[in-house]
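Participant: following is a predicted model, sequence given first.
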Amino acid sequence: RGLHKALFQEACCLAYRESLDIIRSVFEAYAARNRHPCMAKRVVPTLSYAAWVSLVRDACLLSSDGFHHDHVATAFVLGKELHADETSGWRHMELSWSEFLVALGALVRLGGDDSELFEDQLDDFFATYMDELHRNLGARTKKSEEGSPTVEHRKLLRCIERLFLRVDSGRTGRIKVKDLRQLFQEPFVLLDLAAGNFSKTQVLLLLESLSVDYPEETDCEIPLDVLVANVLKLKESVKNIDKAISPLERAFDEIGEGSGTVPIADLKSQLQTPSLIRKLVTAGISTHDLAFMFRLFEEVDMETVTMQDVVRTLRQARDPQFAIRRGLQTLYRYFNEADIDESGGLSREEVIDTLTTAQVCDELAAANLQNPDWDVFFDELDVNKSGDLSWEEIEDGMTLFWHSNKLGGDVSPSP
């Protein structure tokens, strides 16, 4: 009864639903093994105890913390339905599909950590053991290959669905956006989302994106599938900077003290801390990325910024579609510094001395852009054979060069 009370909950059903294709493929694969002779002719697949033991062994569960040999038999028995005529047939020898689902839940319950929510234990079990077992079987279905969320997103999506159902008491499949906004302001909800690698900044960015189609002043309702699609779209858009968001948020909070905005000068000073730079470099954000972010802030004369501004701008700076503009801005800055006489052009020597330095190469590499061989490239761009290159010639030539090279190759910037 304790197992059924914990298992037969909507949150647990969501965990099963996320991995249902994988679970079914594993069940069907093992149902064909070690069948009892009296059950072999049955059309409906069932799982024998020998096949169940084989499944547990192949999933390497017994070598994991929390799982013991006696759990295997106990979970098999707990999965069985009770029938008044068990002694007159052979069905008690094998698990049906529905009994198999319950037996998996029993196995997780027996070997799980009581401090963690049961639905989270199920989700981790499916994502870790069943997914790996499914890959080893080579039984991945088309649906699980195309369009199912990645393992790291499953926990987040299940959390989103659980929160959605908390508001959708009538089970209509839709909730008011204003109720969603109110829900996402609750501290415990933010902690729950953070456990799924969805930070407060990402919540605010999500609400901003939703406000386009669902304005705050209206009484709009949003379906669950639309909410999930927007969450996945946001996660995809920040994947290049995802690991940097957490240290950036901590640095931002130290300056802003919860105000939500900080002066750019204070943020720039904070981001020069060696320990923070090391964390950001480890997360894939170079000092060149940060410098370019601040230049973008300066372009629009921003004096204070929010954490959402930081993420949006860094996301733009790391976007491959934005890389050429970033590269041109870098070259233009160095071009102007080298054009001391303000003639509007640089000689071959000036171009080579200015645009082939390690600093320039690193800044371009940070945007995944190649720097050409300027000794050769100079002649290609100097069409009129004037002996110098104007900015317009460099801009046109480099734009064509980077487009033809598909935004660069394997280049690795220094921090």
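Facilitator: Looks like it arrived, so ask away. Numbers count the residues shown, from 1 in each chain.

Participant: and the most centrally placed residue in the chain, how far from L156?
Facilitator: In the chain, the centroid-proximal residue (C-alpha atoms, centre = their mean) is K235; its distance is 5.0 Å. K235 is 8 Å from L156, where distance means C-beta to C-beta, to the nearest Å. The way it works is simple: take the backbone N, C-alpha and C, and place the C-beta from them, glycine included.

Participant: what of A367?
Facilitator: Noted for A367: a distance of 29 Å to L156, by C-beta to C-beta.

Participant: ok, these two, which is more surrounded?
Facilitator: Per other C-beta atoms under 10 Å, whichever of A367 and L156 has more neighbours is A367, with 27 against 22.

Participant: pLDDT of the helix or strand hosting A6, averaged?
Facilitator: In the assignment (DSSP states H and E), A6 maps to helix 2-7. For helix 2-7, mean pLDDT rounds to 80.

Participant: list the buried residues in it.
Facilitator: L3, A6, L7 (16 or more other C-beta atoms under 10 Å).

Participant: surely R158 touches E119?
Facilitator: Yes. The criterion here is C-beta atoms under 8 Å, and R158 meets it with E119 at 6.9 Å.

Participant: pLDDT score assigned to the residue nearest to the centre of the chain?
Facilitator: On the pLDDT scale, K235 gets 89.

Participant: helix, strand or coil: sort out it for me.
Facilitator: With DSSP: H, G, I helix; E, B strand; the rest coil as the basis, K235 sits in helix.

Participant: ok, now how distant is the closest residue to it other than its chain neighbours from L232?
Facilitator: Nearest non-adjacent residue to K235, counting by C-beta to C-beta, 6 or more residues apart in numbering: H153, 6.3 Å away. Going from H153 to L232 by C-beta to C-beta gives 7 Å.

Participant: when those two are compared, which one has more neighbours?
Facilitator: Neighbour comparison, H153 and L232: the larger count goes to H153, with 21 against 16 (by other C-beta under 10 Å).

Participant: which helix or strand contains that one?
Facilitator: Element membership of H153, judged by DSSP H and E, is helix 151-167.

Participant: helices or strands up against that helix?
Facilitator: Helix 151-167 makes packing contacts with helix 10-18, helix 118-125, strand 174-176, helix 177-183, helix 187-195, helix 224-237 when contacts are defined by 3 or more C-beta pairs under 8 Å, 6 or more residues apart in numbering; DSSP states H and E.

Participant: for the first one, buried residues please.
Facilitator: By neighbour count, with 16+ other C-beta under 10 Å as the criterion, the buried positions of helix 10-18 are A11, C12, C13, L14, A15, Y16, E18.

Participant: can you list contacts of that helix?
Facilitator: With contacts defined as C-beta atoms under 8 Å, 6 or more residues apart in numbering, helix 10-18 is touched by 6, 23, 101, 105, 117-119, 122-123, 126, 148-149, 154, 157-158, 161-162, 165.

Participant: so which helix or strand of the protein has the lowest pLDDT on average?
Facilitator: Here the helix or strand of the chain ranked lowest by mean pLDDT, DSSP states H and E is helix 142-145, holding a mean of 42.

Participant: distance of the residue nearest to the centre of the chain from Q321?
Facilitator: Distance from K235 to Q321, by C-beta to C-beta: 18 Å.

Participant: just F401 next, same as before
Facilitator: Taken as C-beta to C-beta, the span from F401 to Q321 is 17 Å.

Participant: the two: which has the busier surroundings?
Facilitator: Neighbours were counted for F401 and for Q321 using other C-beta under 10 Å; F401 has more, 19 against 8.

Participant: list the buried ones in the helix or strand hosting the more buried one?
Facilitator: Using DSSP H and E, F401 maps to helix 391-404. For helix 391-404, a neighbour-count test (16+ other C-beta under 10 Å) marks W391, E393, I394, E395, G397, M398, F401, W402 as buried.
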